[in-house]
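Asker: Everything below, folded, please.
(one chain, ligands or ions: 1)
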Amino acid sequence: MDRFIIHGGKKLQGTVQTSGSKNASLPILVATLLTDEPCIIHRVPNLRDVRTTLKILEYLGKKIEYANGTVTITANGPLKNSLPYELVKQMRASFWVAGPLLARFKTAEIPLPGGCAIGVRPVDIHLKGFEKLGASAVTEKGNVVLHAQALQPAKIVLRFPSVGATQNLLMCACLIEGETVLENIAKEPEVDDVVEFLRKMGADITADAKGSLVVRGKTSLHGAEHSVVADRIESGSYIIAAAATRGDVVVENCVPEHNSILLENLREAGVPLEVTSHSVHVLPYEGRLKPMRMRTAPYPGFATDLQAPWMTLMTLCEGTSEIDEDIFENRFMHAPELVRMGADIVTEKSIARVNGVESLSGAHVMASDLRGGMALVIAGLAAQGATEIERVYHIDRGYEDLEQKLTALGADIRRYNPDKNEF
Ligand code: EPZ
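Answerer: The predicted model follows:
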């Protein structure tokens, strides 16, 4: 299995381009199941989760061409309405095919995704929504079997603004004639991007004054072409990496508005920033950063996906910072690894107290999940000495061309496979 070896202590310098969003690409690719007509999606990052989604679409009956960030999806015979566990266990977001398949076939069988390193991650909000839309949802031999005589429009109030449930129910509602209203929905930019793509496919979706989505379902949708929104978690990670190394970095082709809370927190902590409509310039600074209190929350709150990289930055502040992880119940797996690098962090339930230290030191550590892995990469870049990170496959799920982008910024990072004994 691949590892990273990072020789830290170098200030990042230069310009880095933001890739298309992983978390918008996945549901947009899935939404192409709502039509048999060709769809063309641009700015799709070449990532493990994207490749898994393309495999799923192929399995279900689509023909895929993927070159230079553009995916062309066409029909390749009749669609299937079930997935094998082999594909679902690789990526929880596979469950999101349930909405489009239910809408098209009135019946679908999808393996129940298990928990993962960051939490239990149930799908009850998705299932309650499907029931409101007229389907029965029964779990049999590990599979969720969805079935409806006829689907019906409904008013659905989500008990929590789940990103995945919002997207899954939205896709389903687009093919149910009549008016479906989705309340207390997720407002993440990735959801907006899915809405934009569905509208291009001919869906009638509007937002009401309260921010609920009103879907007037159609009997069919058509093919569409779309370019995926910038990945705010990737741009946020590079911005934090620049700050942690006291670098001088311009993150280009991003949407700074989608990182507003992060940028506000960074400024308050003492990181100088110059922001345009599409770029963030992180400037070098003297002295130590101020400690901060931060709580993760649904958008526009602080993104849980940036909590781990943020924790790395806070390990270098002068004083005690507090982080409250309110979205996932087990998203501090990176904390003990950061402690191995010299950080002083105490976690208790959803709270992490980070007592800032003057510097981190390189160590042998292990990535336990995607963003926790990125937190270790940033720590390795800021630390004195060499850091070896195991289980890089977690990080490969979400950061396109990571070593290339960091190397271009002056980092010393190499991929190494000890099994093959090759760099
Ligand atoms: C999406 O996951 C993202 N994944 C996650 O990104 C992100 O961390 C998360 O949203 C929150 O922003 C993709 O977009 C592919 P949720 P999702 O449903 O949709 C609970 C990354 O690092 N919940 O909004 O699965 C759930 O357990 C990843 O890129 C229920 O209880 O997240 C969690 O505590 C990881 N029942 C909370 O809601 C449900 O039916 C938020 O989950 C659904 C969710």
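
Asker: in the helix or strand of the chain with the lowest mean pLDDT, what counts as buried?
Answerer: Taking mean pLDDT, DSSP states H and E as the measure, the helices and strands of the chain show their lowest mean at helix 85-88, namely a mean of 88. The neighbour-count criterion (16 or more other Cβ atoms under 10 Å) identifies 85, 87-88 as the buried residues of helix 85-88. Where C-beta positions appear, they are placed from N, C-alpha and C, glycine not excepted.

Asker: wouldn't A335 be in contact with T347 here?
Answerer: Yes. In this structure, A335 sits in contact with T347. The criterion is Cβ atoms under 8 Å, and the distance is 5.3 Å.

Asker: out of those two, which sits in the more crowded spot?
Answerer: For the pair A335 and T347, the greater number of neighbours falls to A335 (20 against 17), based on other Cβ atoms under 10 Å.

Asker: On the three-state scheme, the more buried one is what?
Answerer: In three-state terms, and counting by DSSP: H, G, I helix; E, B strand; the rest coil, A335 is helix.

Asker: Quick check: the gap between it and the ligand.
Answerer: 16 Å (Cβ to the nearest ligand atom, to the nearest Å).

Asker: so is the nearest residue in space to that residue that is not next to it in sequence in a helix, a strand, or just coil?
Answerer: By the measure of Cβ to Cβ, 6 or more residues apart in numbering, the closest residue to A335 outside its immediate chain neighbours is I345, 4.7 Å from it. Per three-state DSSP, the secondary structure class of I345 is strand.

Asker: For I345, give the beta-bridge partners.
Answerer: Bridge pairing for I345 (DSSP bridges) gives the partners V354.

Asker: what's the burial count for it?
Answerer: Using other Cβ under 10 Å, I345 is surrounded by 21 other residues.

Asker: Just list the residues touching it, thanks.
Answerer: Residues counted as contacts of I345 (Cβ atoms under 8 Å, 6 or more residues apart in numbering) are 311, 315, 335, 338-339, 352-355.

Asker: Please repeat the previous calculation with a cut-off of 7 Å.
Answerer: Each residue near I345 by Cβ atoms under 7 Å, 6 or more residues apart in numbering is listed here: 315, 335, 338-339, 352, 354.

Asker: I'd like the distance from the least confident helix or strand of the chain to the chain centre, please.
Answerer: For helix 85-88, the distance between its averaged C-alpha position and the chain's averaged C-alpha position is 20 Å (Cα atoms, centre = their mean, to the nearest Å).

Asker: tell me what it is packed against?
Answerer: Using 3 or more Cβ pairs under 7 Å, 6 or more residues apart in numbering; DSSP states H and E as the contact criterion, the neighbours of helix 85-88 among helices and strands are helix 48-60, strand 107-111.

Asker: can you redo the buried residues of helix 85-88 as JSON lines with distance to S321?
Answerer: Written out in JSON lines, the entries for the buried residues of helix 85-88 read as follows (distance: Cβ to Cβ, whole Å):
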{"residue": "Y85", "distance to S321": "41"}
{"residue": "L87", "distance to S321": "40"}
{"residue": "V88", "distance to S321": "37"}
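
Asker: Get me the contact residues on the stretch 1-150 of the chain for the ligand.
Answerer: Within reach of the ligand by Cβ under 6 Å from any ligand atom, the stretch 1-150 of the chain has these residues: 23, 26, 93, 119, 121-126.

Asker: and the residue in the stretch 101-250 of the chain positioned nearest to the ligand, how many neighbours?
Answerer: Closest residue of the stretch 101-250 of the chain to the ligand, Cβ to the nearest ligand atom: G164 (2.8 Å). As a burial measure, G164 scores 22 neighbours (other Cβ under 10 Å).

Asker: so I395 touches M374, yeah?
Answerer: Yes. Proximity of I395 to M374 meets the contact threshold set by Cβ atoms under 7 Å, at 6.0 Å.

Asker: Among those two, which residue is more densely surrounded?
Answerer: It is M374, of I395 and M374, that has more neighbours when counted by other Cβ under 10 Å, with 30 against 23.

Asker: Now do the same for the spatially closest residue to K132 that is not a sequence neighbour: its pLDDT.
Answerer: Excluding its sequence neighbours, the residue lying closest to K132 (Cβ to Cβ, 6+ apart) is A154, at 4.2 Å. At A154, the model reports a pLDDT of 98.

Asker: do M1 as well
Answerer: 89.

Asker: I118 too?
Answerer: pLDDT, read off for I118, is 70.

Asker: next one: phi and psi at H147?
Answerer: Torsion angles at H147 (phi, psi; degrees, to the nearest 10) stand at phi -150, psi 140.

Asker: What segments of the stretch 51-200 of the chain are strands?
Answerer: If DSSP state E, counting those that start in this stretch is used as the criterion, the strands of the stretch 51-200 of the chain fall at 62-67, 70-75, 107-111, 136-140, 143-147, 155-157, 178-183.
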